[in-house]
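Student: I would like the atomic coordinates for the input below:
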Amino acid sequence: MDDDAVLIDRFLEMMAAERGASRNTLLAYRTDLQGAGEIVGGLAAASQDALGRLAGEWAPLAASTVARKASALRAFYAFLEEEGLRADNPGAALPRPVTRRPLPKILSSQEVDSLFALIAQRVETDHPAPLDLRLSALIELLYGSGLRATELVSLPRKALAVDRPFLIIKGKGARERLVPISDRARAAVATWLAHVPADSPWLFPSGKSHVSRIRLYQLVKQLAAAAGIAPERVSPHVLRHAFATHLLEGGADLRALQSMLGHADIGTTQIYTHVDSRRLVELVNSRHPLAGMQARIAHPRVDGDASAP
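Tutor: The predicted structure follows:
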């Protein structure tokens, strides 16, 4: 097992340096690899037969979870083979479950409006609480720009400039992208900035660091509950989904949306077209050139019919 620890460290160093894997991705890989190693008695010398047992151990798990774990192991063994640390690659024995990408959870425009209405009640007073101003800035940026939770909470204090209506975000894989920022979000952030210590390197400081992802999840769910929305339906990622879906409903271009969301593959962005399928059907029925024409129904020809040719 000691060999495993060294090899996992080397593998994760490669993932970070060569593939730009994020901290969260690296943590997930480490957890999956260590867990598999405990099951098979060590990964370094594990045989195909040993890895084949994982399918049974993982049977109670969701197909998507099994796929993620198996993917981590395949990448790990490919690395060992490429580096000459193993002469073979036992990854062929790992399960390949059939997974179907689930449609993202979304909120309706009316539900999003209810969240912002509640925030407005709290901040549009003579002396709004600083934490309410912080919440306002967080939610405006989440829904108004589609940032990932980690990207949002780790924004530097000077991320937004008064004369610049966009952010430069370094997201997954260390890829940089431009993210437009609405006037509403810029105003909310400007108001919140008055309460951020001048020496803080973070836009949303907390203790010696910044607000954590977990705390952001808690704040979003508390806001949802207060607005009368089931908390389990709402998360920072759901607001990101709402941002994408509502932009598409408004006529946004799919490529532009891909850029704003920071998706490397447009196939990831295209899932939002499935969410919006109901609207697409309505568009076909109402906007298609033939939509206003009465449907023609073919009737069987009757002998002696004067209209028959």
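
Student: Give me the most central residue, this structure.
Tutor: In the chain, the centroid-proximal residue (C-alpha atoms, centre = their mean) is residue 237; its distance is 5.4 Å.

Student: That one sits in which helix or strand?
Tutor: Taking DSSP states H and E as the criterion, residue 237 maps to helix 236-249.

Student: what's whatever helix or strand comes next after that helix packed up against?
Tutor: Downstream of helix 236-249, the next assigned helix or strand under DSSP H and E is helix 254-261. With contacts taken as 3 or more C-beta pairs under 8 Å, 6 or more residues apart in numbering; DSSP states H and E, helix 254-261 sits against strand 176-180, helix 236-249, helix 266-269. Any C-beta I mention is one placed from the backbone N, CA and C, and that applies to glycine too.

Student: What average pLDDT does helix 254-261 get?
Tutor: Taken as a whole, helix 254-261 has a mean pLDDT of 72.

Student: Stretch 189-209 now?
Tutor: Here stretch 189-209 scores 94 as its mean pLDDT.

Student: Which positions in it come out as buried?
Tutor: Using 16 or more other C-beta atoms under 10 Å as the test for burial, stretch 189-209 gives 189, 191-193, 196, 202-205.

Student: can you name the two of those residues that are farthest apart?
Tutor: 191 and 202 (16.9 Å; C-beta to C-beta).

Student: isn't there a helix covering residue 88?
Tutor: No: counting by DSSP: H, G, I helix; E, B strand; the rest coil, residue 88 is not found in a helix; it is coil.

Student: Who are the contact partners of it?
Tutor: Applying C-beta atoms under 8 Å, 6 or more residues apart in numbering to residue 88 gives the contacts residue 81.

Student: Check residue 207 too.
Tutor: Neighbour list for residue 207: empty [criterion: C-beta under 8 Å, 6+ apart].

Student: Can you list phi and psi of it for me?
Tutor: phi 60, psi -130 (degrees, to the nearest 10).

Student: go on, residue 212?
Tutor: When read as degrees, to the nearest 10, the backbone of residue 212 gives phi -80, psi 160.

Student: thought the residue nearest to the centre of the chain was touching residue 149?
Tutor: Yes: proximity of residue 237 to residue 149 meets the contact threshold set by C-beta atoms under 8 Å, at 6.8 Å.

Student: quick one: average confidence on the helix holding residue 237?
Tutor: 82.

Student: now stretch 89-102
Tutor: pLDDT averaged over stretch 89-102 gives 81.

Student: List the buried residues in that stretch.
Tutor: Along stretch 89-102, these residues count as buried under the neighbour rule (16+ other C-beta under 10 Å): 89-91, 93-95.

Student: for the residues you listed, which one is nearest residue 15?
Tutor: Among the buried residues of stretch 89-102, residue 91 lies closest to residue 15 (C-beta to C-beta), at 15.9 Å.

Student: Tell me which residues touch that closest one, please.
Tutor: With C-beta under 8 Å, 6+ apart, residue 91 has these contacts: 51, 73-74, 77-78.

Student: now it, what's its secondary structure?
Tutor: helix.

Student: Repeat that for the one 5 residues further on.
Tutor: What three-state DSSP gives for residue 96 is coil.

Student: So what's the residue count around residue 151?
Tutor: Other residues near residue 151 come to 22 when the count uses other C-beta atoms under 10 Å.

Student: Assess the claim that it and residue 176 are in contact.
Tutor: No: using C-beta under 8 Å, residue 151 is not in contact with residue 176; the gap is 11.3 Å.

Student: Setting aside sequence neighbours, what's the nearest residue to residue 85?
Tutor: Of all residues not flanking residue 85 in the chain, residue 7 sits nearest, at 6.7 Å (C-beta to C-beta, 6 or more residues apart in numbering).

Student: any chance you could map the strands in this structure?
Tutor: For the chain, the strands defined by DSSP state E cover 166-170, 176-180, 205-206, 209-210.

Student: out of these, which comes closest to residue 252?
Tutor: Once the strands of the chain are compared by C-beta to C-beta, strand 176-180 is nearest, at 11.0 Å.
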